[in-house]
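>>> Based on what follows, work out the 3D shape:
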Amino acid sequence: MSISAKTLNTGSLSPEFVLLGLLSQGPAHGYELHQKLTTELGQVWRLSQSQIYNILNRLEGKEYIKGTRQEQEKLPARRLFQLTHAGRERFESWLDSPSRSSARAIRVEFITRLYFAFALDPGLASQLIEAQISETRDGLQRLQALQGGLPSGQLFNRMGLDLRIRQLKSILEWLASCQETLSSSLQSGSTP
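Take a look at the predicted model:
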């Protein structure tokens, strides 16, 4: 899998992708998915158990996952979910794309991608960071060009663009820090 320069434009911030990613690691029940999400990405995603079950139903309706009923002695039946071929393709396509250059997309989507990329292959995580740096620099240049073309009288448009530009500059510093953390972690043999 290689990192491409394209960005998924629709629904890429959807929590569907985090559940597809967790299921790419192996079949699981809804409760297990909720626990893993809370433990591993709880500072990135805040989803209730009922939201997770609703998303799982939607993913099953789209045939990205398949659920099988498992009977339990003295307990209600539960469903074991697993990724379908279509679900794996959708997840891998999402994983293979950089996030848009916005603070929210980086905070939610990129960190989620980085988590799954690192789990698959730390080298892929490094590629993902490099692709995101490139995407963010391009976004910064677009905003700076837009700001340069604004009339000086558009005070609030200029302030809004200035804020977005400062956020992207900060994000570029943070991405460089992520790359350093990842490199240090790999050299020491520890997990970030």
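
>>> so how far is the longest helix seen in the chain off the chain centroid?
In the chain, taking DSSP state H as the definition, the longest helix is helix 155-188. Averaging C-alpha positions (C-alpha atoms, centre = their mean, to the nearest Å) puts helix 155-188 16 Å from its chain's average.

>>> Show me what it is packed against.
Counting contacts by 3 or more C-beta pairs under 8 Å, 6 or more residues apart in numbering; DSSP states H and E, helix 155-188 is packed against helix 103-104, helix 122-148. Yep, even glycine has a C-beta here, placed from its N, CA and C like the rest.

>>> Pull the number of nearby residues for Thr181.
Using other C-beta atoms under 10 Å, Thr181 has 12 other residues around it.

>>> Please report the distance of it from Phe118.
For Thr181, the distance to Phe118 (C-beta to C-beta, to the nearest Å) stands at 11 Å.

>>> show me what contacts Leu56?
Taking C-beta atoms under 8 Å, 6 or more residues apart in numbering as the criterion, Leu56 is in contact with Leu19, Gly30, Leu33, Ile65, Gly67, Arg79, Phe81.

>>> In this structure the fourth one contacts Leu83, no?
Yes. Between Ile65 and Leu83 there is a contact under C-beta atoms under 8 Å: 5.8 Å.

>>> Just tell me which of the helices and strands packed on helix 155-188 ends up closest to Phe91.
helix 122-148 (13.4 Å; C-beta to C-beta).

>>> Can you list the low-confidence ranges for this structure?
Along the chain, the parts satisfying pLDDT under 70 run over 1-12, 189-192.

>>> Relative to the strand or helix carrying Phe81, what are the paired strands and their orientations?
Phe81 is part of strand 75-83, with elements assigned from DSSP states H and E. Strand 75-83 sits in its sheet next to strand 28-29 (antiparallel), strand 65-72 (antiparallel), going by DSSP bridges.

>>> For those strands, give me TSV that also has mean neighbour count.
Compiled in TSV, the strands paired with strand 75-83 are given as follows (neighbours: other C-beta atoms under 10 Å):
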stretch	mean neighbour count
strand 28-29	16
strand 65-72	13
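
>>> Could you export those strands as a markdown table, including distance to Thr38?
Formatted as a markdown table, the strands paired with strand 75-83 follow (distance: least, C-beta to C-beta, whole Å):
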| stretch | distance to Thr38 |
| --- | --- |
| strand 28-29 | 13 |
| strand 65-72 | 20 |
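
>>> ok so, going back, tell me which residues of the longest helix of the chain come out buried.
Across helix 155-188, burial judged by 16 or more other C-beta atoms under 10 Å covers Leu161, Arg164, Ile165, Gln167, Leu168, Ile171, Leu172, Leu175, Cys178, Gln179, Leu182, Leu186.

>>> Now for the last one: which residues touch it?
Under the criterion of C-beta under 8 Å, 6+ apart, the contact partners of Leu186 comprise Pro122.

>>> Please apply the same query to the first one.
By C-beta under 8 Å, 6+ apart, Leu161 lies in contact with Leu143, Leu146, Gln147, Leu150.
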